[in-house]
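J.: Sequence and predicted structure below; questions after.
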Amino acid sequence: MRIAICEDEAYCTEHLTGYINEWKAEKNVFTEIFAYPSAEKFLFEWEDSEDYDIIFLDIIMGKITGVDLAELIRKTNESVAIVFVTGRKEHVLKGYRVAAKQYLLKPLRKKDCFDCLNQVYF
């Protein structure tokens, strides 16, 4: 399973990566994780790596928000699972515009991450 994480806070990326690694060890699932510190960096590499199974997006990032990025992704890929990861609840409804699979609140909880990964993988 190919997983992208677009998050501008390194400790959040590390936290999510840790949960993904625990999940893959428990489920015996091969995963590749690609981390991007900004939407711009993700978009730069998106053209060559468009085959992700799941993309975790922080909502509040630099110039391009996670919601903006999700809208750009949906223009070329309608099937990839998009999961928003943020500390702010007020953006939940925006996820429906891009058919987000899930919305995870920070601080992340292991159970929520595992449930999300199970939903996408199984």
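T.: Looks like it arrived, so ask away.

J.: Please count neighbours and contacts with C-alpha atoms only from this point.
T.: Fine.

J.: Okay, buried residues for the helix or strand containing residue 19 please.
T.: Assigned by DSSP states H and E, residue 19 belongs to helix 10-27. Using 16 or more other C-alpha atoms under 10 Å as the test for burial, helix 10-27 gives 12-13, 16-17, 19-21, 23-24.

J.: Can you pull up the most central residue in the protein?
T.: residue 56 (0.4 Å; C-alpha atoms, centre = their mean).

J.: which residues touch that one?
T.: Counting by C-alpha atoms under 8 Å, 6 or more residues apart in numbering, residue 56 touches 3-7, 82-85.

J.: does it sit in a helix or strand, and which one?
T.: strand 54-58.

J.: Now that strand - C-alpha only, PDB.
T.: This file holds the C-alpha atoms of strand 54-58, laid out as PDB (Å, rounded to 0.1, in the frame of the first residue of the first chain):
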ATOM      1  CA  ILE A  54      -4.300   6.800   0.600                       C
ATOM      2  CA  ILE A  55      -3.300  10.400   1.100                       C
ATOM      3  CA  PHE A  56      -3.300  12.000   4.500                       C
ATOM      4  CA  LEU A  57      -3.600  15.800   4.300                       C
ATOM      5  CA  ASP A  58      -3.200  18.400   6.900                       C
END
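
J.: Now do that strand against helix 10-27, angle only.
T.: Here strand 54-58 runs at 150 degrees with respect to helix 10-27, directions being taken by axes from the mean of the first three to the mean of the last three C-alpha atoms, to 10 degrees.

J.: in the protein, which helix or strand is least confident?
T.: Within the chain, no helix or strand scores below helix 94-97, which has a mean of 70 by mean pLDDT, DSSP states H and E.
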